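# just coords:
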């Protein structure tokens, strides 16, 4: 069913307009979804006549397209039909998941699953031709929610995660990683020299070196661990207090980028970015003096262009108690440009991915302004021609909505195929029972 709420500007054809087969355009036009075959946005000039014809046809046969306000938070349009799938329908799937698309484009997910007794295990899912398959990775019961997955240079999935020390003391966390070898998961502890803060991000270089980013005990400092030749080496990234919630990525030159939060008080924080080059780690502030009620996490999404320019996504509270989702990019002169995506009522969790032309795509979660329940998973994409505008024209769609009961919180992860087709993970509670979370994915049909 067409959910389009926002007219297509004549001068800008959204990416959704050029993704799938020409032969399917007429049946889809009758339901308000016209798509044209084009492997790359740069090839659009070669199809301009066809696009013009189909664009006119769309306007003639798709009367459902029109401008509508979405609960006062701005216009929302629909990308190609989204297909929602259940990854794991077992109750208690963790609020946090980490998503990987392997070298063949197949999605893999690492996540936790909690029991009614408070114990938490680590699980792994992958999508086969027959559908989603799941298995346990660590059943010790002491796994924390924050996990991170990456693919090594042998094509094996690797998962980094934190765990509660056997002494059971709150805040005494350690670090592990697990790799699947010969069809079996093997978990190993990582010697960090002290307790850690519980947040972790994993990236793996082309040389196979494993890089772990984590915060120190009680948020004291942010650290980088690298494993080469069986030996771990540690470096400090930022020695400040109140650090955590890192996201990490590697650019085409092998430089490691990290975006993270810094909490100075219970109501004031900033977002930071750090990069490791041959000369070592350097860091700087992206956005300063964000003020609002601290809800337990300062979350920031990160991706980097092949040439090394970092892009981030996060939310900022406004004076009227609404929330703005924003996109930030660092230009060639070392300046951060912060652009609005949408203003309304949103959870603090966002994820960002850049396509092959370094154009940003962002996922985030809309909230019920009264109950605080998570209502929708939204997906925003930006055309490169509008990136220099102070009010860029984002193309925003709803990837998934909550069931009649429950919500689709708490977090979301996003990855893109080279064809620009997105994969998004989130959880959904289809009932009113607390903790009955299922792990879900959404992708273009």
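Alright, I've got the coordinates. Remember, it's a predicted structure, so these values are computed and weren't measured experimentally. Numbering: from 1, shown residues only.

# Averaged pLDDT, stretch 195-209. What do you get?
Here stretch 195-209 scores 92 as its mean pLDDT.

# ignore the last one, stretch 222-230
89.

# Can you give me the buried ones in it?
Judged by neighbour count (16 or more other CB atoms under 10 Å), stretch 222-230 contains these buried residues: 222, 223, 224, 225, 226, 227. Yep, even glycine has a C-beta here, placed from its N, CA and C like the rest.

# and the two most separated of the residues you listed?
Taking CB to CB as the measure, the buried residues of stretch 222-230 span a maximum distance of 17.8 Å, between 222 and 227.

# residues of the longest strand seen in the chain that come out buried?
Across the chain, the longest stretch assigned as strand under DSSP state E is strand 280-291. Using 16+ other CB under 10 Å as the test for burial, strand 280-291 gives 281, 283, 286, 287, 290.

# Which strands and helices lie in contact with it?
Other elements packing on strand 280-291 under the criterion 3 or more CB pairs under 8 Å, 6 or more residues apart in numbering; DSSP states H and E are strand 231-238, strand 268-277, strand 310-317, strand 323-330, strand 336-344.

# run the last query once more with 6 Å
Of the remaining helices and strands, those touching strand 280-291 by 3 or more CB pairs under 6 Å, 6 or more residues apart in numbering; DSSP states H and E are strand 268-277.

# Please tell me how far the strand it packs on is from the chain's geometric centre.
Strand 268-277 has its C-alpha centroid displaced from the chain centroid by 18 Å (CA atoms, centre = their mean, to the nearest Å).

# what is the rounded mean pLDDT of that strand?
Averaging pLDDT along strand 268-277 gives 92.

# hang on, the earlier thing: tell me which of the buried residues of stretch 222-230 is nearest to residue 208?
Among these, residue 227 lies closest to residue 208 (CB to CB), at 9.3 Å.

# rewinding a little: quick check, distance from the longest strand of the chain to the centre of its chain.
Counting by CA atoms, centre = their mean, strand 280-291 is centred 20 Å from the centre of its parent chain.

# ok, and what's touching the helix or strand just after it?
Using DSSP states H and E, the helix or strand that follows strand 280-291 in sequence is strand 301-304. By CB atoms under 6 Å, 6 or more residues apart in numbering, the residues outside strand 301-304 that reach it are 247, 249, 251, 257, 259, 310-313, 350-354.

# Recalculate using a threshold of 7 Å.
247-249, 251, 257, 259, 310-314, 350-354 (CB atoms under 7 Å, 6 or more residues apart in numbering).

# Give me the sheet partners of that strand and which way each runs.
strand 310-317 (antiparallel) (DSSP bridges).

# Tell me the buried residues in stretch 245-263?
With burial defined by 16+ other CB under 10 Å, the residues of stretch 245-263 counted as buried are 245-251, 255-263.

# Give the bridge partners for residue 233, please.
Here residue 233, judged by DSSP bridges, has bridge partners residue 226.

# Number of residues surrounding residue 169?
Residues lying near residue 169 (other CB atoms under 10 Å) number 10.

# Among the buried residues of stretch 245-263, which are located in helices?
Among the buried residues of stretch 245-263, no residue falls in helices (DSSP state H).

# Return the item of the buried residues of strand 280-291 having minimum pLDDT.
Ranking the buried residues of strand 280-291 by pLDDT, residue 290 lands last with 71.

# residues in contact with that one?
269, 270, 316, 317.

# Please apply the same query to residue 198.
Contacts for residue 198 (CB under 7 Å, 6+ apart) come out as 144, 146, 162, 173.

# how much space between it and residue 142?
12 Å (CB to CB, to the nearest Å).

# In terms of pLDDT, where does residue 394 sit?
In this prediction residue 394 is given a pLDDT of 91.

# Check the one 3 residues further on too.
According to the per-residue confidence, residue 397 scores 92 in pLDDT.

# Kindly confirm my reading that it is in a strand.
Yes. According to DSSP: H, G, I helix; E, B strand; the rest coil, residue 397 belongs to a strand.

# For burial, what's the neighbour tally of it?
When neighbours are counted by other CB under 10 Å, residue 397 registers 24.

# Surely it touches residue 381?
No. The criterion here is CB atoms under 7 Å, and residue 397 misses it with residue 381 at 8.4 Å.
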